[in-house]
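*Asks:* my questions concern the predicted model and sequence given below.
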Amino acid sequence: MADELTAKIVFPSSDAVKIRTGESINFKGAVASCDSPSYSWSFGDSGIEDSDKEDPGDVTFPTAGVYEVTFTVTDGEEKTDNASVTVTVCPPGDINGNGKVEMTDAILILQILAGTEGTDPNNIHSAADVNDDDQIGMVEVIYILRKLSGSK
């Protein structure tokens with residue numbers, strides 16, 4: 001009996017990844033028990049060209065959205081296996097992860113900062129951090145308000 005073909009996404013190591021629009025992620029795949037493997041990466045409907053490399057490297061997501069990225073391995077006997085990861089791409093300031101920067105995002109931050117009951121800080125998309133300080137706060141509120149007003 002032949003070994004079972006097993007595809008694995010080595011990087012990113014999480015099943016769900018959140019990044020900012022225009023950022024890149026390094027993708028790396030692996031396969032166990034496979035002779036003469038061929039590889040395929042599908043980046044969903046992101047507009048990113050599919051890859052036939054085991055490790056396609058840094059991939060940049062230009063548009064906000066939720067994308068299922070699938071790594072498929074096929075062996076010499078045409079057996080296949082695949083693994084997937086979900087990539088959520090948010091524009092800076094998109095705190096709730098709906099793909100848009102709107103007043104709701106500013107209100108959500110203010111509610112969390114004020115400790116308003118019923119708001120969950122775990123629902124904040126950290127990729128929305130606009131100044132790379134690993135915190136969501138007043139800087140993001142000001143950014144959102146300026147963006148909505150058309151100011152730079």
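*Replies:* Arrived safely.
*Asks:* now F27: closest residue in space, sequence neighbours ignored.
*Replies:* In space, and not counting its chain neighbours, F27 is closest to P56: 5.1 Å by CB to CB, 6 or more residues apart in numbering. For glycine as for every other residue, the C-beta is placed from the backbone atoms N, C-alpha and C.
*Asks:* and for E4?
*Replies:* Nearest one to E4, counting by CB to CB, 6+ apart, is S33 at 6.2 Å.
*Asks:* other SSEs contacting the helix-or-strand element of the chain with minimal mean pLDDT?
*Replies:* Lowest mean confidence among the helices and strands of the chain (mean pLDDT, DSSP states H and E): strand 16-20, at a mean of 80. Applying 3 or more CB pairs under 8 Å, 6 or more residues apart in numbering; DSSP states H and E, one finds that strand 16-20 contacts strand 80-90.
*Asks:* next, the angle from the strand it packs on to strand 16-20.
*Replies:* Going by axes from the mean of the first three to the mean of the last three CA atoms, to 10 degrees, strand 80-90 is angled at 40 degrees with respect to strand 16-20.
*Asks:* may I see the buried residues of strand 80-90?
*Replies:* 81-83, 85, 87-90 (16 or more other CB atoms under 10 Å).
*Asks:* helix or strand right after that strand?
*Replies:* Per DSSP states H and E, strand 80-90 leads on to helix 103-114 as the next helix or strand towards the C-terminus.
*Asks:* what about that following helix, distance to the chain center?
*Replies:* 23 Å (CA atoms, centre = their mean, to the nearest Å).
*Asks:* for it, give the mean pLDDT please.
*Replies:* Helix 103-114 carries an average pLDDT of 89.
*Asks:* got the contact list for that helix?
*Replies:* With contacts defined as CB atoms under 8 Å, 6 or more residues apart in numbering, helix 103-114 is touched by 93-96, 119, 121, 123-124, 128, 136-138, 140-141, 144-145, 148.
*Asks:* ok, now which ones touch the spatially most central residue of the chain?
*Replies:* Closest residue to the average C-alpha location of the chain: V87 at 2.6 Å, with CA atoms, centre = their mean. Contacts for V87 (CB under 8 Å, 6+ apart) come out as 17-19, 25, 44, 46, 61, 66-69.
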